[in-house]
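*Asks:* structure of the sequence below:
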Amino acid sequence: MDPNSALDNATKGIDLGYNDLGVPKVILPQEMIHPKVDEHAMMTYISYYRDLPEKRTNDASKCRAYGPGLVEGIVNEPSEFTVETPGRGKLEVKVEGPKSNAKVNVTNNNGIYKVSYHPTEPGEYKVHVTLDGTHIPGSIFHILVLEQLSLGGEGKIRIFYSTTSAKGEKSRPLQELLEKKKVHLRPDFEPWIAVDIMEPKDRDAVFRKAGTKKLPIVYIDDVYTGDSQRVFELDASGELDRLLKYNEKGGSSNRAPFKMASPPSTGGEGAKKNFCALCGSKVQSANATFCGSCGQPLIT
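*Replies:* Residues are numbered from 1 along each chain as shown. Down below sits the predicted model:
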């Protein structure tokens with residue numbers, strides 16, 4: 001409130017009463033601040049506040065929480081999310097880990113809170129978000145914290161490349177080496193994945209896990225193996241065959257030689273249980289009722 005602006009203060013108060021409490025605007029801000037205000041009109045307006053029900057919907061129901069920190073986390077890396085509130089009340093956040101509570105940092109910017117917590121061990125975490133002691137929609141959030149970032153490539157051979165360099169020397173030698181080893185015939189091999197057409201957050205995750213943006217990038221069993229140069233070095237030492245378990249899983253499939261393609265679709269009936277139908281983000285907990293990325297109720 002501005003002590004030097006009575007009209008703005010009266011306008012704000014009347015609007016708040018109408019929007020948050022349903023009190024009708026039976027008096028204008030200009031009338032309220034007039035030295036000769038109509039006493040009967042003012043008394044009528046005040047009476048609406050007197051007659052309000054004692055129990056009203058808590059402001060917690062008007063809050064919304066969203067962000068990657070409500071989807072999953074990585075050990076020893078900050079997990080962040082946002083909480084939007086009506087701008088009133090006391091917000092409290094508690095993060096329970098498998099053995100102890102995680103350290104939480106909260107900053108407020110006019111009712112929009114930026115929350116960061118630091119998980120120190122893998123496992124399931126419970127994020128409690130309350131306003132004036134009442135849980136907001138979706139709380140308690142159940143978050144899976146991983147030992148390391150997962151790209152979903154466990155048990156698979158994946159190669160990420162750029163379409164702008166696919167026909168150049170950077171990708172061709174690697175492709176020929178893997179074809180020679182019949183990697184393209186194996187059931188655990190996925191077609192080459194173009195980073196150009198990936199969602200930015202997924203592309204960033206590939207680079208972040210690898211610790212480099214040098215393409216092509218090879219992952220075996222969701223572990224960064226290296227770029228073309230590194231793969232050839234591993235092949236020369238015999239280490240590549242061990243990583244590929246080449247002699248154990250050597251190709252027996254009749255699949256045609258692999259082609260550079262986009263990532264496989266995540267559509268289908270099974271996807272509905274694992275992804276938010278509104279924003280497409282992965283849902284970690286089968287019991288979740290709100291999406292941790294967009295904050296909206298999950299559609300089943």
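
*Asks:* ranges for the helices of the stretch 51-200 of the chain?
*Replies:* Ranges of helices in the stretch 51-200 of the chain, per DSSP state H, counting those that start in this stretch, are 172-180, 200-210.

*Asks:* residues near the residue lying closest to L177 once chain neighbours are set aside, how many?
*Replies:* Distance criterion Cβ to Cβ, 6 or more residues apart in numbering; nearest residue to L177, sequence neighbours excluded, is D235 at 6.4 Å. Every C-beta, even on glycine, is put in place using the N, C-alpha and C of the backbone. When neighbours are defined as other Cβ atoms under 10 Å, D235 has 18 of them.

*Asks:* quick one: D235 from T225, how far?
*Replies:* According to Cβ to Cβ, to the nearest Å, D235 and T225 sit 11 Å apart.

*Asks:* got the domain ranges for this protein?
*Replies:* The record assigns the chain these domain ranges, following automatic domain parsing: 6-50, 60-150, 157-254.

*Asks:* where are the low-confidence patches of the stretch 51-200 of the chain?
*Replies:* For the stretch 51-200 of the chain, residues meeting the criterion pLDDT under 70 lie at 53-57, 165-170.

*Asks:* ok, which stretches of this protein are strands?
*Replies:* For the chain, strands defined by DSSP state E occupy the ranges 64-66, 72-74, 79-84, 91-96, 103-109, 112-118, 123-131, 134-135, 141-146, 157-161, 192-194, 217-220, 223-226, 260-261.

*Asks:* among those, which is nearest R208?
*Replies:* strand 72-74 (9.5 Å; Cβ to Cβ).

*Asks:* strand partners of the closest one, parallel vs antiparallel please.
*Replies:* strand 141-146 (parallel) (DSSP bridges).

*Asks:* just give me the neighbour total for T164.
*Replies:* Neighbour count for T164, taken as other Cβ under 10 Å: 10.
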